[in-house]
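K.L.:
give me coordinates for this.
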Amino acid sequence: MTLEKAAVIPDEIKGWDKKGVDDPRTFHYTAYRKIDMQLRDFWRANQPTHDPNSAMPSHHWFHYTDVPVVRVEKYAEGNAGRSKWDVVHMIPYCIDVLQGRLPETNERRITKPVAIILLAHYVGDIHQPLHVGAQYFGAQCRVADPDRDSSCLPDEGGNTFTLELSDEPPRGRGIRKKNLHGFWDYDAVNVLFPEVPNTLRKGELREQIEPLRKQLVHEMATHEPGNWRMPANLEIRKYAEAWADEILPVAREAHERLQFTNVHPLQEEDRVLAAGEAEEKPMPDHMAYRAWAANVVREELHKAGWRLADLLEKTLR
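P.N.:
Numbers count the residues shown, from 1 in each chain. Reported below is the predicted structural model:
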């Protein structure tokens with residue numbers, strides 16, 4: 001299995017959530033039977049839940065942390081939005097498994113192969129601003145600080161807000177607004193590639209994008225990014241917190257460049273979130289939100305790749 005394939009598995013196994021991992025019609029990694037069995041055990045030990053007091057954490061929680069961006073702070077300087085099962089804690093958990101400090105029979109059922117699969121994904125996640133920073137809304141649905149007002153409602157990294165950009169073409173009938181979090185996961189990445197006609201079929205689109213993707217990967221792999229190295233005296237178990245602290249100002253700016261409107265409580269299963277609309281606002285640098293985000297994504301992807309390689313070399317040697 002390539003590291004590229006491994007890196008998308010932690011998202012792919014969310015497809016097991018609806019009907020369970022043992023449903024006869026569900027997909028499996030049949031070409032990698034041993035890893036498939038270990039991934040099934042991992043899913044069973046970390047089944048999806050929204051109950052923060054559950055003895056069994058959800059594997060969804062491992063992908064992010066929701067540090068408030070309302071004020072300047074580092075990960076360790078507050079409590080709201082953090083948990084012992086967030087991405088800042090799960091990266092060192094996987095390191096501990098790989099280095100033998102935790103047995104492969106640990107409660108989370110993270111074996112060494114699964115730990116590498118998770119690290120390949122989580123190191124990318126922690127470099128995505130909205131996987132680390134979130135906005136919270138209090139009374140009258142105004143931006144608020146959840147460390148001072150526990151009744152604040154989170155936006156879960158922009159997952160509950162639609163996004164309106166100034167350079168967005170008019171939407172045709174039936175075309176819905178983009179999701180703020182989804183924009184950062186997908187659209188801001190796709191901006192790195194030249195535009196291709198949207199009339200192409202899926203296979204044709206893949207044919208056109210694939211050489212461009214390989215070229216981008218080659219450029220990032222052969223050119224060292226700036227400021228990617230961690231201090232020599234920082235132990236690798238603390239890398240994740242340092243990366244979170246580094247991306248938090250970017251997450252804050254990703255929200256500050258937007259105007260939040262029509263904010264309202266949204267009942268989602270067994271929890272209440274803040275939902276609404278996010279609209280790009282004019283900035284002193286006159287840079288469009290999409291272009292600014294694309295620059296951020298390119299830099300963070302570049303650093304994340306080198307940091308993953310460095311982390312695995314130091315962990316496995």
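
K.L.:
other SSEs contacting the longest helix seen in the chain?
P.N.:
Longest helix of the chain, by residue count under DSSP state H: helix 289-316. If you count contacts as 3 or more C-beta pairs under 8 Å, 6 or more residues apart in numbering; DSSP states H and E, helix 289-316 packs onto helix 87-98, helix 112-125, helix 188-190, helix 202-222, helix 239-256. (Glycine included, C-beta is placed from N, CA and C.)

K.L.:
out of these, which gets nearest to residue 228?
P.N.:
Proximity to residue 228 (C-beta to C-beta) singles out helix 239-256 among these, at 10.2 Å.

K.L.:
which residues does residue 305 contact?
P.N.:
When contacts are counted by C-beta atoms under 8 Å, 6 or more residues apart in numbering, residue 305 touches 220, 221.

K.L.:
still on that earlier bit, the inter-axis angle of the longest helix of the chain versus helix 239-256?
P.N.:
Orientation of helix 289-316 against helix 239-256 (axes from the mean of the first three to the mean of the last three C-alpha atoms, to 10 degrees) gives an angle of 170 degrees.

K.L.:
where in the protein is pLDDT low?
P.N.:
170-175, 197-198 (pLDDT under 70).

K.L.:
now with 50, please.
P.N.:
Along the chain, segments meeting pLDDT under 50 are nowhere present.

K.L.:
spatially central residue in it, please.
P.N.:
Central residue of the chain (C-alpha atoms, centre = their mean): residue 125, 3.5 Å from the mean position.

K.L.:
which residues does the nearest residue to that one once chain neighbours are set aside contact?
P.N.:
Distances taken as C-beta to C-beta, 6 or more residues apart in numbering place residue 131 nearest to residue 125, at 4.6 Å, with adjacent residues excluded. The contact partners of residue 131, by C-beta under 8 Å, 6+ apart, come to 63, 64, 65, 87, 125, 157.

K.L.:
circling back: the residue nearest to the centre of the chain and residue 64 touch, don't they?
P.N.:
Yes. Contact status for residue 125 versus residue 64: in contact at 6.4 Å, counting by C-beta atoms under 8 Å.

K.L.:
closest one of the contacts of residue 131 to residue 209?
P.N.:
Distances from residue 209 to the contacts of residue 131, taken by C-beta to C-beta, are shortest for residue 125, at 22.3 Å.

K.L.:
so residue 273 belongs to a strand, correct?
P.N.:
Yes. When classified by DSSP: H, G, I helix; E, B strand; the rest coil, residue 273 is found to be part of a strand.

K.L.:
would you check that residue 70 makes contact with residue 143?
P.N.:
Yes. If you go by C-beta under 8 Å, residue 70 and residue 143 touch, sitting 5.7 Å apart.

K.L.:
quick one, which of those two is more surrounded?
P.N.:
Counted by other C-beta atoms under 10 Å, residue 70 and residue 143 do not tie: residue 70 has more neighbours, with 22 against 16.

K.L.:
for the stretch 1-150 of the chain, just list every one of the strands.
P.N.:
For the stretch 1-150 of the chain, the strands defined by DSSP state E, counting those that start in this stretch cover 67-68, 133-134, 136-137.

K.L.:
packing partners of the first one?
P.N.:
Read that as strand 67-68. Using 3+ C-beta pairs under 8 Å, 6+ apart: strand 67-68 touches strand 133-134, helix 239-256.

K.L.:
may I see those organised as CSV, with distance to residue 271 and mean neighbour count added?
P.N.:
Formatted as CSV, the helices and strands packed on strand 67-68 follow (distance: least, C-beta to C-beta, whole Å; neighbours: other C-beta atoms under 10 Å):
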stretch, distance to residue 271, mean neighbour count
strand 133-134, 14, 26
helix 239-256, 21, 20
